[in-house]
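Undergrad: generate a structure from the sequence data that follows.
(3 chains)
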Amino acid sequence: MTPDISKEMLDKEIEKEADVLLHTLFPICRSLTGDGVRKTLRELSKMANFAIKEIPSGTVCYDWTVPPEWNIRDAYIADSKGKRLVDFKKNNLHVVSYSAPISKTMAFDELKKYLYTLPALPQAIPYRTSYYKKDWGFCLSYEQYKMMDRQERYRVYIASTLEPGSMTYGECILRGTSGKEFLVSAYCCHPSLANDNLSGIVLWTLLLRELKKRKLRHSYRFLIAPETIGAIAYLRKNEKAMKKIAGGFIITSVAGPGKFGYKHTFLGDHLIDRAVHLAFRDRGVDYVSYPFDVAGSDERHFSAPYFRIPMGTICKDKYYEYDYYHTSLDDLRFVRARYLVETFQLYLSAIENLEMNVTYKSLSPYSEPQLGRRGLYPPLGGFQKTGAGTPREQKIVSELDAIRWLMFMSDGETSLLAIAERSGLPLRDLYQTAEKLQKHKLLKITNKT
Amino acid sequence: MTPDISKEMLDKEIEKEADVLLHTLFPICRSLTGDGVRKTLRELSKMANFAIKEIPSGTVCYDWTVPPEWNIRDAYIADSKGKRLVDFKKNNLHVVSYSAPISKTMAFDELKKYLYTLPALPQAIPYRTSYYKKDWGFCLSYEQYKMMDRQERYRVYIASTLEPGSMTYGECILRGTSGKEFLVSAYCCHPSLANDNLSGIVLWTLLLRELKKRKLRHSYRFLIAPETIGAIAYLRKNEKAMKKIAGGFIITSVAGPGKFGYKHTFLGDHLIDRAVHLAFRDRGVDYVSYPFDVAGSDERHFSAPYFRIPMGTICKDKYYEYDYYHTSLDDLRFVRARYLVETFQLYLSAIENLEMNVTYKSLSPYSEPQLGRRGLYPPLGGFQKTGAGTPREQKIVSELDAIRWLMFMSDGETSLLAIAERSGLPLRDLYQTAEKLQKHKLLKITNKT
Amino acid sequence: MTPDISKEMLDKEIEKEADVLLHTLFPICRSLTGDGVRKTLRELSKMANFAIKEIPSGTVCYDWTVPPEWNIRDAYIADSKGKRLVDFKKNNLHVVSYSAPISKTMAFDELKKYLYTLPALPQAIPYRTSYYKKDWGFCLSYEQYKMMDRQERYRVYIASTLEPGSMTYGECILRGTSGKEFLVSAYCCHPSLANDNLSGIVLWTLLLRELKKRKLRHSYRFLIAPETIGAIAYLRKNEKAMKKIAGGFIITSVAGPGKFGYKHTFLGDHLIDRAVHLAFRDRGVDYVSYPFDVAGSDERHFSAPYFRIPMGTICKDKYYEYDYYHTSLDDLRFVRARYLVETFQLYLSAIENLEMNVTYKSLSPYSEPQLGRRGLYPPLGGFQKTGAGTPREQKIVSELDAIRWLMFMSDGETSLLAIAERSGLPLRDLYQTAEKLQKHKLLKITNKT
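TA: You can find the predicted model right below:
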């Protein structure tokens, strides 16, 4: 960071960039495969470069097979006068994702078997998919549906292709020195849905860009791929490396108007969970705590018995929890770039907590060292509860607690994160004070990991 | 079960049988030993056959000795006109259990040393015993006591015998295949007291009959014996077998009008406790949780340091907790056969939970398997929070959670009971879904125990 | 204890002794070193003899060095007319402890850099020290400070010496038989401050005297030394012995008007913490529970990584928590000898709990033994919830619970303290009942420690 730009200004800058990206990418029709995903990843990689890779259709990945590539040019339902009542070009949610091509005229009674609505949210177009069963269909608002003429014969047209091709994903590995590697994953298969998960892939890219600027202790494997089949294909392709991953994050639904939330890893109290909790605590932000659930995103694959990678998710308006989830109402009016940046800062803090989680060993283990002769203790002792002291004394006293906890707990096995939990002191303060104590030869680092 | 009889009708049927048994057995004068116990066990064994066995008086069992056999034909206190004021034939609680024979006339002032009342419940005859100290006495309501003529000389008559004989108990072992054995115990030594423990021995018999009909995974050792000396003599006689018991139940006080309760095993979180908790949870029944206490029934023997068998007790109006405990007011008006059957269902559920506590290992451990091509996933994906779907889809979705938890947690070490606890899903649902997944070759059983 | 003196009379007696000691010792000017400490220790050792030892100035103790010996004869600030405005002879808090000698006249503006006040408590003289930085200064109430003439030139006089000498401490080791040793420590370096920590050193002495009268199972190492440097020098001098200490107490602030409190050891649930909790519980006294904190007294040295001795502190008005802490208002009007004796009884109970924490093994492990034939069970059984029984029966019944818990839990590994925690019964009752059961050959001791 350039020192002459304040943190707040930087956040404003990032907010603007996020907003541009949200608007650029929202209209693109993404799915498991196809040019919409390719275009999205190319656009994101302009902000933070990462490799864009392809896995051919038909590739077997454990219990799964990469499906044919799907592309779509146009689709509509028109009445006998040629008026398009439902038009893919107006909203790509109108077509069931992976719909097979069709060009046919049919009575309403036949057509209605292929129509999907959401009576509970009559203005919303629902989001539906049929990846693995060859089918076709249209989604429309219940209000549109009610207005359709039951006697009319409709022209149904889907100009899609389902052909051998490939599935596209993005990957970037940032190498640290500790030998420990974390996974940062987001899924890019959703069409025009803003919070789930356009917001997630934008945050993922901001995070990648930010970490690229830094000297890192740990390695971070950034993966952006379609949900389920993308994650599974990646696991298959990188089985050995993925078996060694220490934990990670799935970034999704991060820019809604609701509360911050955290979905725990399947372990519940893993390093990832603790790093996230301290990120919230030290930033003074409240959050809704969601226990692990098998329903969700790719954590049930990454954390499956063979891999058991603990994956956590910080979100703002968690998927499932908001009414507009998986409907056309999850649009750019629902999300805010500002919320996205707030969640970004929380992810960044959590990762910084992993970075700062060093373990020290006291070089003065027999008792507290004499801090006074090192200028780490106020010259005059005997402070009262109500006592004041000079500003310099105040400053020394304010650091004294961190020094004492560090000297007391640093037995070579207790990490800074554990000390932050026990003492209630911010991890960053402990980290900075520990570095100072190291210079005073009172602490030495015992872990590189 | 015959498929044309509803569960509710069956419960009604059982309720009637229980009611008949309660009325048949209530009047019998039971004690540690004697013909009352024999008659009771013979009656019960008509409903569910079990072996009736005898241990001779004088048999040494660890720190204890089986006492002489006690039988009683008649007993009363009569006034000088021959009028029976206190009459064993009206209520067998009137005689202190194990009273030695006596035939004597004495002044009230002498007699009163042998009279037991309960001023706090003036209409109740208390229940008192003198098993190991040769003594005699009468119990009567405080109201009766107050009306006795202090100047009268009373005739006291107890036609009892205390002679070498034997102690009677019942036993039935149902063999399963798992190699794991549980104990189901009830005590049969109480005279005309309905909740404690006539209700328990009736429930014990219903449970034995029900389990006899079933193919069982575990073995169940059913023991019905007098409290304390019966349990201890049985432990002595079956020391090796009892050392291997995995846990069990003491069935007592199961038909009162009060709340359901559960007295925990001494471990508190043993498999038995967990199976019982899920039985209550999955049936949607609330209960009072009682921690283990050394005061109680035979658990302090079965769970003594050498054996340490964890024993739990489901009850409805737990002993000690209701005012009529160990008094003549604990009679057939206090209990209900319907309550007894409700508690029976809870014991049965707890045992079914033990039976269903299988451990599976995922055969698709690298990620969630592809459920769709097995018909286990709705054809169209992308469900909204408020989404509906067809009835068939709804059905598939309703099982999806169970499938996912099973596939996620089945690592070959985590049992269905643990998955039920973690997921909040009913154990029975998980059990049935697991069997289906086994047919799909997605799970295999790893424990036989 | 003589049997004809009631416990309450004894407490009154001790209260009187404590009160005399408080008044005798309060005026003495104590510091890290010097004759004030020597005089104090000599006075205390009259009540309970202990060794008084010296460590020469300049002795290196780990990271620290024993400072020169400080003594002071007189000190004051006088105005130009010779009137003493601030006078050490009126209150020894007026001089910053370890002030170097000075004799000088100076303007108020220069003098004020050496003046310390407490505006938040305008009537209080604060307590300040400058042990390791050669300096001088005066402490005075803010009210005094405000009245000083800003135009006046003041005469400043401190007749102190800072010369090679020694640091004085007291020590007494009471030997028990268990091989386990506990530390009982108090710091004696504070000048005229009553609760912190004159009260502590008086209690320390009462406790030493009391334990000297007793036959002890464990060893107790009583240490009275200046805070920080005293503890550290002692650790250095007794490194091997201190490494073996099982736990201990730091006695401080024990006679204030506020609530009882307990500051936990760094482990939080160590034997020390459990013994203290039971002391409060069994005496029916509430207390404020303070978690371990690195800020405090010598626990951060005794519990430093190398030694890790768990140290707890029972207090009444804990240091830091009361407004008058480290000010002249913490005087003899603030404390009460009666409070001191109440806290003394709590320390004594905690130590008695350590003494009584024997582990037994049941000699009747197969079931509960037959208590009746040993006179440990009421002759007549079958007690009702509302039942009464004769006084003798009541007495037997009241002990029955203790007998049963002891027989049930005594597996040779579970100590009486654990049984007291589990059963809710007072540890003393269990201890006495266990001794009775041992006489009945139902229990045998398995630990000597």
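
Undergrad: would the helix or strand bottoming out on mean pLDDT in chain A count as contacting chain C?
TA: For chain A, counting by mean pLDDT, DSSP states H and E, helix A:391-409 ranks last in confidence among helices and strands (a mean of 88). Yes - using CB under 8 Å from any CB of the partner chain, helix A:391-409 comes into contact with chain C via A:400-401, A:404-405, A:407-408. Heads up, the C-betas are built off the backbone N, CA and C, glycines and all.

Undergrad: let's have those in TSV, adding neighbour count.
TA: Formatted as TSV, the entries for these read as follows, by neighbours: other CB atoms under 10 Å in any protein chain shown:
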residue	neighbour count
A:Leu400	18
A:Asp401	18
A:Arg404	19
A:Trp405	23
A:Met407	27
A:Phe408	25
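
Undergrad: what are the structural domain limits within chain A?
TA: A:7-66+A:166-356, A:70-163, A:359-445 (automatic domain parsing).

Undergrad: ok, and which of those domains has the densest surroundings?
TA: domain A:7-66+A:166-356 (a mean of 20; mean count of other CB atoms under 10 Å in any protein chain shown).

Undergrad: endpoint to endpoint, that one covers what distance?
TA: Using CA to CA, to the nearest Å, the end-to-end distance of domain A:7-66+A:166-356 comes out at 20 Å.

Undergrad: what's the mean pLDDT across that domain?
TA: Mean per-residue pLDDT for domain A:7-66+A:166-356: 97.

Undergrad: what about the strands in the stretch 251-400 of chain A?
TA: Counting by DSSP state E, counting those that start in this stretch, residue ranges of the strands within the stretch 251-400 of chain A are A:260-263, A:288-290, A:311-316, A:359-362.

Undergrad: among those strands, which is nearest chain C?
TA: Within the strands of the stretch 251-400 of chain A, the stretch nearest chain C is strand A:359-362; the backing value is 5.3 Å (CB to the nearest CB).

Undergrad: tell me if that closest one is near chain C.
TA: Yes - remark: strand A:359-362 sits within contact range of chain C at A:Ser362, by CB under 8 Å from any CB.

Undergrad: same deal with stretch A:426-433?
TA: No - with CB under 8 Å from any CB as the threshold, stretch A:426-433 lies outside contact range of chain C, at a closest distance of 12.3 Å.

Undergrad: off-centre distance for that stretch?
TA: In this view, stretch A:426-433 has its centroid 26 Å away from the chain centroid, taken as CA atoms, centre = their mean, to the nearest Å.

Undergrad: which residues does it contact?
TA: A:278, A:282, A:352-353, A:356-358, A:399, A:402-403, A:405-406, A:416-417, A:419-420, A:423 (CB atoms under 8 Å, 6 or more residues apart in numbering or on different chains).

Undergrad: if we use 10 Å, what do you get?
TA: The contact list for stretch A:426-433, computed with CB atoms under 10 Å, 6 or more residues apart in numbering or on different chains, reads A:274-275, A:278-279, A:281-284, A:349, A:352-353, A:355-358, A:360, A:376, A:398-403, A:405-407, A:409, A:415-417, A:419-421, A:423, A:425, A:437, A:443.

Undergrad: the stretch 101-250 of chain A: helices as residue ranges?
TA: Read by DSSP state H, counting those that start in this stretch, the stretch 101-250 of chain A holds these helices, from start to end of the chain: A:108-111, A:142-147, A:200-212, A:229-237, A:239-243.

Undergrad: now distance to chain C too, for those, in CSV please.
TA: Output for these, formatted as CSV (distance: least, CB to the nearest CB, whole Å):
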stretch, distance to chain C
helix A:108-111, 69
helix A:142-147, 57
helix A:200-212, 34
helix A:229-237, 42
helix A:239-243, 36
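
Undergrad: and those helices: which comes nearest chain B?
TA: Proximity to chain B, assessed across the helices of the stretch 101-250 of chain A by CB to the nearest CB, is greatest for helix A:229-237 (4.5 Å).

Undergrad: returning to that earlier point: please compute how far the least confident helix or strand of chain A lies from its chain's middle.
TA: Offset of helix A:391-409 from its chain centre (CA atoms, centre = their mean): 36 Å.

Undergrad: run through the neighbouring helices and strands of it.
TA: Helices and strands in packing contact with helix A:391-409 are listed as strand A:359-362, strand A:411-415, helix A:416-423, helix A:427-439, strand A:443-445, helix C:299-302; criterion 3 or more CB pairs under 10 Å, 6 or more residues apart in numbering or on different chains; DSSP states H and E.

Undergrad: export the ones you listed to TSV and append columns for distance to B:Ser303.
TA: As requested, these are exported to TSV (distance: least, CB to CB, whole Å):
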stretch	distance to B:Ser303
strand A:359-362	44
strand A:411-415	39
helix A:416-423	38
helix A:427-439	47
strand A:443-445	51
helix C:299-302	41
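
Undergrad: among these, which is nearest B:Ala18?
TA: helix A:416-423 (56.0 Å; CB to CB).
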